[in-house]
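Q: give me a model of this one.
(chains A, B, C and D)
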Protein chains: 4
Amino acid sequence: MSYRCEQLQEEKVFKDPVHRYIHVRYRVIWDLIGTKEFQRLRRIKQLGTSYLTFHGAEHSRFNHSLGVYELVRRITENFTGRKEWSEDQRLLALTASLLHDLGHGPFSHSFEKVFDLDHEQFTQAIILGDTEVHHVLKKVSDTFPEQVAAVINKTHEDQLVVSLISSQIDADRMDYLLRDAYFTGVSYGQFDLERLLRVMRPKKDQVVIKQTGMHAVEDYILSRYQMHWQVYFHPVSRSAEVLLSRILHRVKELYQAGYQFRQTPDHFLSFFKGDVSLEDYIRLDETIVMYYFQQWKEETDYILHDLCDRFVNRKLFKFVSHHTDFEAKDWQTLYQAFEAVGLDPTYYLVEDSTSDLPYDFYRPGESNERVPIYLLTPEDELVELSRLSTIVDAISGKTRSDHKLFYPRDEIEKLTPSKEKDAIVTLLKLNQR
Amino acid sequence: MSYRCEQLQEEKVFKDPVHRYIHVRYRVIWDLIGTKEFQRLRRIKQLGTSYLTFHGAEHSRFNHSLGVYELVRRITENFTGRKEWSEDQRLLALTASLLHDLGHGPFSHSFEKVFDLDHEQFTQAIILGDTEVHHVLKKVSDTFPEQVAAVINKTHEDQLVVSLISSQIDADRMDYLLRDAYFTGVSYGQFDLERLLRVMRPKKDQVVIKQTGMHAVEDYILSRYQMHWQVYFHPVSRSAEVLLSRILHRVKELYQAGYQFRQTPDHFLSFFKGDVSLEDYIRLDETIVMYYFQQWKEETDYILHDLCDRFVNRKLFKFVSHHTDFEAKDWQTLYQAFEAVGLDPTYYLVEDSTSDLPYDFYRPGESNERVPIYLLTPEDELVELSRLSTIVDAISGKTRSDHKLFYPRDEIEKLTPSKEKDAIVTLLKLNQR
Amino acid sequence: MSYRCEQLQEEKVFKDPVHRYIHVRYRVIWDLIGTKEFQRLRRIKQLGTSYLTFHGAEHSRFNHSLGVYELVRRITENFTGRKEWSEDQRLLALTASLLHDLGHGPFSHSFEKVFDLDHEQFTQAIILGDTEVHHVLKKVSDTFPEQVAAVINKTHEDQLVVSLISSQIDADRMDYLLRDAYFTGVSYGQFDLERLLRVMRPKKDQVVIKQTGMHAVEDYILSRYQMHWQVYFHPVSRSAEVLLSRILHRVKELYQAGYQFRQTPDHFLSFFKGDVSLEDYIRLDETIVMYYFQQWKEETDYILHDLCDRFVNRKLFKFVSHHTDFEAKDWQTLYQAFEAVGLDPTYYLVEDSTSDLPYDFYRPGESNERVPIYLLTPEDELVELSRLSTIVDAISGKTRSDHKLFYPRDEIEKLTPSKEKDAIVTLLKLNQR
Amino acid sequence: MSYRCEQLQEEKVFKDPVHRYIHVRYRVIWDLIGTKEFQRLRRIKQLGTSYLTFHGAEHSRFNHSLGVYELVRRITENFTGRKEWSEDQRLLALTASLLHDLGHGPFSHSFEKVFDLDHEQFTQAIILGDTEVHHVLKKVSDTFPEQVAAVINKTHEDQLVVSLISSQIDADRMDYLLRDAYFTGVSYGQFDLERLLRVMRPKKDQVVIKQTGMHAVEDYILSRYQMHWQVYFHPVSRSAEVLLSRILHRVKELYQAGYQFRQTPDHFLSFFKGDVSLEDYIRLDETIVMYYFQQWKEETDYILHDLCDRFVNRKLFKFVSHHTDFEAKDWQTLYQAFEAVGLDPTYYLVEDSTSDLPYDFYRPGESNERVPIYLLTPEDELVELSRLSTIVDAISGKTRSDHKLFYPRDEIEKLTPSKEKDAIVTLLKLNQR
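A: You can find the predicted model right below:
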């Protein structure tokens, strides 16, 4: 039997708290899970710094990747036998779903920003480079690695397969909402998964939803909305994220200025130089980063020491809402006051903004990659979701934003009285409550 | 107001997936959670290597410690107003429950064995030494640190408080069964917590259970039994544990033999020397250990390299049941065959045994520290559980054991044919299935 | 000790699948639960005909009444100690919450419409009349029955107590959403109850919500919206409801026309005469109604027989969406065609409409009894929910309606071909799908 | 296409709180659910009088029957493709599982005892008689009704199919444990259903369990044990059951003595005469019985009136444990005292016993229909469960019993002082607590 179609002698399962069991029948899936690049995902948290807000959120991307695979398995199980769908498509979809997050590094968001990286590029590189993953994929067929990479990159011509892991209602989002809700313990991420799975249909170039399942889709979109504001954009997690990016910024700056580290940061050198090899990228995981943070906590540079100490021991910055109309003059006063009291504003007065678009329909003429969700009517027509759903219509296209200013309250409180301190206290409203 | 009684202006909560919310009112509890020694528990997994079997089991001891605290809070809330119980006892119990695991190191079990350490001693040391935790406790009263340490050490004269966290049905066990079941996703750890909390009563020197709650206790004991065999003693986790202890053993051996490491293992030196300071102990957490394992994967010593590679990339040993009657002659043959084919049996042929006593009653005349569970009858008498429960009687005092032999099947399969290989294959039953 | 303050020797609990346990400490609550008027609620389903759509929805109003009581107990437990709140208010709130549905009859909605009744009037009558409930309440104080009645009637001067069971976010709604979701098995009714309970605050004349809990309120409102359309207005349940009201209509019509029933419908006579005594009302429950339906199934009047047979054996009418613009001409054609083929349109061609207003704010100048939900800001100000919540703003004040036409498809299909049948088939779109 | 194999155009589902969804594909299953004999199960509670103890337990046998069907559907889905298993067997198993409880009457246990009936006989009669169910089955094949009846009757030669619904670990028991736990709200009925389903294997004449699933079986057996004592044999439910059987006994006695009822109990006449027709049996459901109880509450016979009033308004008898060694002399004293104070001991002093055998293995030479559970070892051998499971071995074959004496405490308390009252109070220990 060819490797492509090879099935395990007996189905293997992983116990999973969200989907009960993850079922594996294809040997290629089993072998991929065993590769070192996939196992590495165990050392990268799914929700980055959120565990500092929600202590249950310590789950890894390994966890989530298996979940997305399982959802695609269940969705496509229902597709079997339909003319729109073949076994080749299924294997491609299963593989791509398993590997879609392969290129994520530790605390991706901050790393990408500070070192100008793109985790999607590294996913491609791992699939196409000289890796264990690549060699397993190659055994399926010569072109299989490219195909899988193209699906994850959304450039594959089979947009139906692409839509399973990259659309406004894909297996990726469905798994992370349920999983993140489970591990954080919040109730907001719940929606009727069983129902959704039952009403998904393959249709030309995307997965569509039978109209009878409209309320399940509404529920899913509202869950997404709630999870964004309750979990993903939680200001405490963002505060930790701010520390993280300031640490990386500082250490890069120190390196470029020729600072002598007590221990050479070998794992970071190519990041500092802006020339990261695949090998270097792969060997950097969260245990390595945390090792360095603990080492840097002992460095003589005060700012690096302080920021690392704060991150490791969770002594986070506090925040105030920073309305966009914060007057330029006040901002300048604040900035100068921080400088005057010896708190470098680059590191100790940090703005952070975030925004979310709960659901977007397609606006002709606009460039917008968010393909809308289509409902399949009993008459076999496709209608865009917000045209039938009052509630989705009400929120679609409406961006919601949040701006905050992060700073070390403990340091401000320790300051001896001065007019700068007064200015800070007044502008950051520290005297209230 | 004295620090002892100080309450937070407004109750603080942590979202918890197991108990929904953890509620904090005392300032001392809040301050303890913020110490670096307590935050360190975030970097130590509750279930050691179990995440390699149950991918959901990535939760930390930080997680569990908050849970034990919350259970003691709820149990003692019901005690309030009873003559047997004072607010002083409550604060002591809450603090001890929060801190009871403070001295756990990374992968405690293996570390303790290889380096001859005792995590309970370190818990004592952290509470009594020059630490942030100690300074917070001291603010309550001069003797408070000693009192807390004594409760955790089970030597405190108030055995009622001790029994809340150290008995056959204490908050520690109740939390870990529920929590480990939640994160692994198995259903075995469930029992009727609400009911148990309602029927617990303070009685002289221990917590007892109203007889009407007997079935809830039975259910709890059976859960414990099932969790031990389904989760805690799972052979795949034990296989990872075997690798871990072999790595530590190897690296210590190499160090003592004067091996030159590429990077001096600073964090381990005092462990190798058998003279671990509190500071050294505290700074060793699982992120540090995983950093070293990844470094040692690159060492020239083949065994160290191989074992670390196996652990990091989850290429575990396989196992056979090793019945106690494995004949001495066969064992010798096997041992010699491993040596002959170049697999050092010290590292590649490892025995591991485990056993569990589901419930134990007190046998007069025997030294046995497992205090039995007492039921409180409607007539206000105490009767030992197994005297009233058929099912507990049926299993009490019965030890169950499991012996296994771990080895690298992949290496055996790669061997060129030889009579040693044949012997190994036959004795390890590798030709079957 | 006065009866008013009398506590049970030991707290009693009821096992409840939604709230885990219902806790009772006051003797008056315990005694009320034991009255025959309260026990009668066991014989009235919480969701009327919904069990014919969702087979799990067989739970009674007894079930729900205990749940509302428990929620008020938990909400007001958090109020204890606040200056805005007294123990007298608590007892009043607990009692009113327990009894708020006391006057519900079997399948209330249809009965009220056909016989021009009002269950709220009967709740008042039971509380104030010569009943077991009344005598228990009287033992608290002479005016206690009137007070409880006034709270349920929303006329009590203590609008804070009133708001606990009659507002847009009261214990009644919170319990039924969770409970109905639990028993039907749908996931839509879930929201973060624990969080809501923690953020409810007594404030002058109503319960308000701390702003930090805004997302929990949003979640609750969206749950309500989903439950309305997924469960409460499900067309299959409405189809059963249509049968029910047609049966009652027919039997009343027959009675008024002097029809001779095989067994005199004693329990219904005063309903037919429009002069229902309290005693008659109370003795009519769903087991009595179902007895009669089964008896009437054997009557010689074909329509009564047929409708009862349909209801008892669940042979329901089918439906088409009946857009408001169904042209008058078509409607006349349809009506006449039904008459022509011998299907009395009064009974076999039934319109039913329903509509829902997910959330309503207060519009000055309009008469509108729906008091809006207020959020309490950190600055201790009250702000109406939709002013802060994008999502609630998006849906507030927007009525959604649904019009359907119910008819017996089986009868139409059995008709011999004729131009009337053709007309019916065409207008009801029976030839499609 | 023949009716036998006819599939619905699109799979139909029922929302189910326990199994999420019940899936129906075969037309015959769909048609059977629509028959009036099956719909009648909606009017019979699954747990008889248990709703008077656990208010959530209001679910019907309709509910459970769908659940058993769904479990057999899922178990046999895994069998598909195995040589031991055919589609014909599957249809037979699905049908038998759906209909296995068809002959249950209202409050079966008491009715069977008082009127000497057997619900299994009526199940047979409904399947084989002139019923809607029979006519649907007949359309599959002439012998299909007999086959289905034989499976339910355990006499079918295909014992593998029989074992799916009648063994110590069948779909019937699995569904009711989970379902009754869900509706009562207790946690005891939980076990790892998913795991069990995965390890069940068809093997000659019974379903066996792969040895790797042994712990899941243990968990199931322990759940069964706990549910028996916590729910099924709960003394409060038994107290209601006692009332029920006393009512039936009294009404039969009155009828036989020529008592003139205010309304002739038409539905009961053939029961009194001991000659129950199928038609009479079917039309008796719990709504009818409750109608009569409420009518009889108004009868002039005091005992009938009183017992019905007690049942309808839940004024239950209290109980004392009645150890088997209750001395004959005391019993006689008690009996005579009841007579002396005017409480007919036949109705007001009722013994009730119950016992349970948690698990039984096969003892050669004994007549015992409880087929043991077999585990399938990796070597493909069958080993009886208790030989491998310590915990099952510990409890197997051990019968546990409970004897209680039920009586109206309210009546005793109302008695004027007398030596008989004293005797009663002493013997029933009414002066204690």
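Q: what about the one residue in the stretch 51-200 of chain A that gets nearest to chain B, neighbour count?
A: Checking the stretch 51-200 of chain A residue by residue against chain B with CB to the nearest CB singles out residue A:185 as nearest, at 3.3 Å. (Each C-beta comes from the backbone N, C-alpha and C, glycine too.) By the other CB atoms under 10 Å in any protein chain shown criterion, the neighbourhood of residue A:185 contains 19 residues.
Q: skipping adjacent residues, who's closest to it in space?
A: Counting by CB to CB, 6 or more residues apart in numbering or on different chains, residue A:185 lies nearest to residue B:17, which is 3.3 Å off, once chain neighbours are set aside.
Q: for residue A:402, helix, strand, or coil?
A: Remark: residue A:402 carries the secondary structure label strand [criterion: DSSP: H, G, I helix; E, B strand; the rest coil].
Q: any idea how far it is from residue B:27?
A: In this view, residue A:402 and residue B:27 are 31 Å apart by CB to CB, to the nearest Å.
Q: who has more neighbours, those two?
A: Higher neighbour count among residue A:402 and residue B:27: residue B:27, with 19 against 15, using other CB under 10 Å.
Q: give me the phi and psi for the residue nearest to the more buried one when sequence neighbours are not counted.
A: Nearest in space to residue B:27, with sequence neighbours left out and distances taken as CB to CB, 6+ apart, is residue B:6 at 4.2 Å. Residue B:6 adopts backbone torsions of phi -60, psi 130, taken as degrees, to the nearest 10.
Q: now the one 10 residues further on
A: As for residue B:16, its main-chain torsions (degrees, to the nearest 10) stand at phi -130, psi 130.
Q: contacting residues for it?
A: Contact analysis of residue B:16 by CB atoms under 8 Å, 6 or more residues apart in numbering or on different chains lists A:55, A:56, A:185, B:22, B:66, B:67, B:70.
Q: against residue B:8, how distant is it?
A: For residue B:16, the distance to residue B:8 - CB to CB - is 18 Å.
Q: hang on, the earlier thing: surely the residue nearest to residue B:27 and residue B:29 touch.
A: No. Here residue B:6 lies out of contact with residue B:29, judged by CB atoms under 8 Å, at a distance of 10.4 Å.
Q: between those two, which has more neighbouring residues?
A: For residue B:6 versus residue B:29, neighbours defined as other CB under 10 Å are more numerous around residue B:29 (23 against 16).
Q: doesn't residue B:96 make contact with the more buried one?
A: No. Under the criterion of CB under 8 Å, residue B:29 lies out of contact with residue B:96, with a separation of 11.3 Å.
Q: for chain A, just list every one of the strands.
A: Using DSSP state E, the strands assigned to chain A run over residues A:7-16, A:20-26, A:200-203, A:206-210, A:318-321, A:350-356, A:374-376, A:382-384, A:400-407.
Q: hmm, who's touching the fifth one?
A: I take that to be strand A:318-321. By CB under 8 Å, 6+ apart, the surrounding residues in contact with strand A:318-321 are A:235, A:238-239, A:402-409, A:428-429.
Q: now, of these, which are buried?
A: When the contacts of strand A:318-321 are checked for burial by 16 or more other CB atoms under 10 Å in any protein chain shown, the buried set is A:235, A:238, A:239, A:404, A:405, A:406, A:407, A:408, A:428.
Q: and the closest residue in space to the second one that isn't next to it in sequence, how many neighbours?
A: Right, residue A:238. Across the structure, with CB to CB, 6+ apart as the measure, the residue nearest residue A:238 apart from its sequence neighbours is residue A:352 (5.5 Å). By other CB under 10 Å, the residues close to residue A:352 number 19.
Q: rewinding a little: and the strands of chain A as JSON lines, adding mean pLDDT and distance to residue B:160?
A: As requested, these are arranged in JSON lines below (pLDDT from 0 to 100; distance: least, CB to CB, whole Å):
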{"stretch": "strand A:7-16", "mean pLDDT": "90", "distance to residue B:160": "38"}
{"stretch": "strand A:20-26", "mean pLDDT": "95", "distance to residue B:160": "41"}
{"stretch": "strand A:200-203", "mean pLDDT": "92", "distance to residue B:160": "57"}
{"stretch": "strand A:206-210", "mean pLDDT": "93", "distance to residue B:160": "59"}
{"stretch": "strand A:318-321", "mean pLDDT": "90", "distance to residue B:160": "41"}
{"stretch": "strand A:350-356", "mean pLDDT": "87", "distance to residue B:160": "49"}
{"stretch": "strand A:374-376", "mean pLDDT": "95", "distance to residue B:160": "63"}
{"stretch": "strand A:382-384", "mean pLDDT": "93", "distance to residue B:160": "66"}
{"stretch": "strand A:400-407", "mean pLDDT": "89", "distance to residue B:160": "46"}
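Q: how about those strands in JSON lines, adding distance to residue C:35?
A: Written out in JSON lines, the entries for these read as follows (distance: least, CB to CB, whole Å):
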{"stretch": "strand A:7-16", "distance to residue C:35": "49"}
{"stretch": "strand A:20-26", "distance to residue C:35": "45"}
{"stretch": "strand A:200-203", "distance to residue C:35": "52"}
{"stretch": "strand A:206-210", "distance to residue C:35": "49"}
{"stretch": "strand A:318-321", "distance to residue C:35": "54"}
{"stretch": "strand A:350-356", "distance to residue C:35": "53"}
{"stretch": "strand A:374-376", "distance to residue C:35": "51"}
{"stretch": "strand A:382-384", "distance to residue C:35": "54"}
{"stretch": "strand A:400-407", "distance to residue C:35": "51"}
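Q: near chain C, which residues of the stretch 51-200 of chain A?
A: Counting by CB under 8 Å from any CB of the partner chain, the residues of the stretch 51-200 of chain A lying close to chain C are A:186, A:187, A:188, A:190, A:191, A:192.
Q: just those residues now: which is nearest residue B:102?
A: Distances from those to residue B:102 were compared by CB to CB; the smallest belongs to residue A:186, at 28.2 Å.
Q: pull the contacting residues for the closest one.
A: A:54, A:227, A:230, A:231, B:15, C:192.
Q: and the residue nearest to residue A:185, how many neighbours?
A: Residue neighbour count, defined by other CB under 10 Å, stands at 22 for residue B:17.
Q: any idea how far the nearest residue to residue A:24 once chain neighbours are set aside is from chain B?
A: Distance criterion CB to CB, 6+ apart; nearest residue to residue A:24, sequence neighbours excluded, is residue A:12 at 4.7 Å. To chain B, residue A:12 is 12 Å away according to CB to the nearest CB, to the nearest Å.
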